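Enquirer: output the structure for:
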Amino acid sequence: METHIIPVGFDYDRLIAPLVRDRHAVERVVLLEGSVGSAENVAYSQRLTARLRSDFETLLGAETQRITLDDVYDHDAAFSTAFTLISEELQRSPGDVWVNISSMPRPVSFAFATAAHSIMVEAAADRDRIHVYYTAPDRYLETELAEQLQRVTGRLTAVADDRESEAVAAEARRIIDAFEAGGTTVGAKLFGDSHLLELPIAAFSPVKPFEELVLFKLGAIQEAASVSELAERLAAELGESYTDAFRSKVLYSVDRLGPEGKGYIDQKAEGNSYRTRLSPIGELWVRSHSSGVGTLDDDDEEGEHRRQ
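Expert: Residues are numbered from 1 along each chain as shown. The predicted structure follows:
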């Protein structure tokens, strides 16, 4: 039996039809919907999610769950959600977990694919149970809509006999011209002070238990002025004596986790010391290994989950 984790954008058919047509034994489906964008876009995505939920239950007899992604452009949050979801589904059932990356914006698709790969690296025993897949549509309705709009606009322009009709025809013509010149999108979204949303490309490497302690401690304190300071604070937290042997153990772990090792820690030389902090992939590791998925609100008639 299979569990499918499916981020839902503005698609319906290609998220369910292939599973029906190929007769997949789908036991459970987790549907993720976005809550960012215009009210119309959010409402449209929610309607598609509701329809998918109903049809997965009716056509495939699958148990379903809905989860909300608060920001479909927040790669790290999506990665953390994906990592937790996939890990929990692997523990919940002995069946395979399938991750669909066909819909939603690319930061979400990239995050879910990378999270699945990271778990495959960390948990070799479950590697064969994790599948990432994409489904392609037979055709795109947006191009068909543009063609039909072009025909209608031509007719409307020919028969327009008042200012309102002329204005409607002119606006439709403007949209068609923009579509033909620049494709289906306009402009570029600003993320903070940059239009480029950089995505981490490294997958997780296996981490030893003591290395986990080092990473979690760095995540808690943000930054250490030196490895010695990190070791001293970690020793205090563990209730151990701060000895040369303990400092050497931390130093060895930092070296293995650093830029020349697994890439989870960044260091900057300052005098005789190295200012030490988590790298972006290290921050992602800490976040995904210390967070969980939101709980079910029994009072919600839709049975939705929201990630906290």
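Enquirer: quick one, helices of the stretch 51-200 of the chain?
Expert: In order along the chain, the stretch 51-200 of the chain carries the following helices (DSSP state H, counting those that start in this stretch): 75-92, 106-122, 141-159, 163-182.
Enquirer: neighbouring strands - and their directions - for the longest strand along the chain?
Expert: The longest strand of the chain (DSSP state E) is strand 26-34. Using DSSP bridges, the strands paired with strand 26-34 in its sheet are strand 2-8 (parallel), strand 63-69 (parallel).
Enquirer: re the thing from before, mind checking which of the helices of the stretch 51-200 of the chain is nearest Lys208?
Expert: In this view, those are compared for proximity to Lys208 by Cβ to Cβ, and helix 106-122 is the closest at 11.6 Å. (Glycine included, C-beta is placed from N, CA and C.)
Enquirer: that older thread, now tabulate the helices of the stretch 51-200 of the chain in TSV and tack on distance to His289, mean neighbour count and mean pLDDT.
Expert: Supplementary listing: the helices of the stretch 51-200 of the chain in TSV, determined by distance: least, Cβ to Cβ, whole Å; neighbours: other Cβ atoms under 10 Å; pLDDT from 0 to 100:
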stretch	distance to His289	mean neighbour count	mean pLDDT
helix 75-92	8	21	92
helix 106-122	9	21	88
helix 141-159	40	12	72
helix 163-182	42	13	74
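Enquirer: indicate which one of the ones you listed is closest to Glu2.
Expert: With Cβ to Cβ, the closest approach to Glu2 among those belongs to helix 75-92: 10.0 Å.
Enquirer: how far off helix 106-122 does that closest one point, in degrees?
Expert: On the basis of axes from the mean of the first three to the mean of the last three Cα atoms, to 10 degrees, helix 75-92 is oriented at 50 degrees to helix 106-122.
Enquirer: what does helix 75-92 rub up against?
Expert: Where contact means Cβ atoms under 8 Å, 6 or more residues apart in numbering, the residues beyond helix 75-92 that reach it are 3, 5, 28, 30, 32, 67, 69-72, 97, 99, 107-108, 110-112, 114-116, 118-119, 123, 126, 129-130, 197, 199-200, 283-284, 287-289, 291-293, 307.
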